[in-house]
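Trainee: predicted model follows, preceded by the sequence.
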Amino acid sequence: MIAGVVLAAGASRRFADGRGAQKLVAPAAGKPVVRWTVERVLASRVDHVVVVTGYERDAVKSALSNLHVRIAHNPNFARGLGASLEAGIAALPAAVTGAIIVLGDQPTVSTAVIDKLVDVWHERRMPIVAPLYRGVRGNPVLFAASVFHELRAVGGDHGARDIITRSPERVTLLDVDAEMPLDVDDRASLDAVSRALAADPATTGSP
């Protein structure tokens, strides 16, 4: 069983600009940012999806209404991505053999790339499978269950990048001939994402 873990707990500090806004529920081409992301994960071949909430959790949950996901709240979201990784991994069913970590603020994430990560993991059985977008490593990343204890131990706001870089021999890189998914960090990037989604709602980069 492969799960998707969508990290949607951040405090949106750059986006809020003192106004308390949650970027993940901001509208992009007719839908909240986080709903785009989660729908793309659900459209893939993952077997189970966990969404980690934190800041403005009720608004995020509302944006995902009627979607078949498990919500895992991270009360320690202010501590950074590490706490959200811990909450997401802890919420997975025991039968899960691997998890794809997806950033909630990347609504152009490709379902095709997620499926290919799963395929490569089944073929290679390496602990980590990461996409390489025209030579640049990006997200989402698949981690085998053997790495879950390391994900739960990550601290701070660096996410899992140190786990990936510390042992390159454990990593399989998937070449993707596409630009990496766009992040929503501020209002200018939200505008860029909205234009990209409006121009091509599928935005499915092909490995």
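Mentor: Alright, I've got the coordinates.
Trainee: quick one: Gln106 is in a helix?
Mentor: No. According to DSSP: H, G, I helix; E, B strand; the rest coil, the state of Gln106 is coil, so it is not within a helix.
Trainee: okay, now it: neighbour count?
Mentor: 24 (other C-beta atoms under 10 Å). For every residue, glycine as well, the C-beta is placed using N, CA and C.
Trainee: just give the nearest non-adjacent residue to it, would you?
Mentor: Closest residue in space to Gln106, ignoring its immediate chain neighbours: Pro181 at 4.0 Å, by C-beta to C-beta, 6 or more residues apart in numbering.
Trainee: so the one you found touches Thr108, yeah?
Mentor: Yes. If you go by C-beta atoms under 8 Å, Pro181 and Thr108 touch, sitting 4.7 Å apart.
Trainee: any low-confidence regions in this protein?
Mentor: 12-20, 202-207 (pLDDT under 70).
Trainee: and the helices in the protein?
Mentor: For the chain, applying DSSP state H gives helices covering 13-16, 33-42, 57-63, 81-90, 111-124, 148-152, 161-166, 187-199.
Trainee: what sits up against the fourth one?
Mentor: Surrounding helix 81-90, the residues in contact under the criterion C-beta atoms under 8 Å, 6 or more residues apart in numbering are 5, 7, 9-10, 50, 52, 54, 72-74, 76-77, 99, 101, 148, 151-160.
Trainee: in it, what counts as buried?
Mentor: Leu81, Gly82, Ala83, Ser84, Leu85, Glu86, Ala87, Gly88, Ile89 (16 or more other C-beta atoms under 10 Å).
Trainee: now do the longest one
Mentor: Using 16+ other C-beta under 10 Å as the test for burial, helix 111-124 gives Thr111, Ala112, Val113, Ile114, Asp115, Lys116, Leu117, Val118, Val120, Trp121.
Trainee: now do the last one
Mentor: Residues of helix 187-199 classed as buried under the neighbour-count rule (16+ other C-beta under 10 Å) are Ser189, Leu190, Val193, Ser194, Ala196, Leu197.
Trainee: and if you look at the third one?
Mentor: For helix 57-63, burial by neighbour count (16+ other C-beta under 10 Å) applies to Arg57, Val60, Lys61, Ala63.
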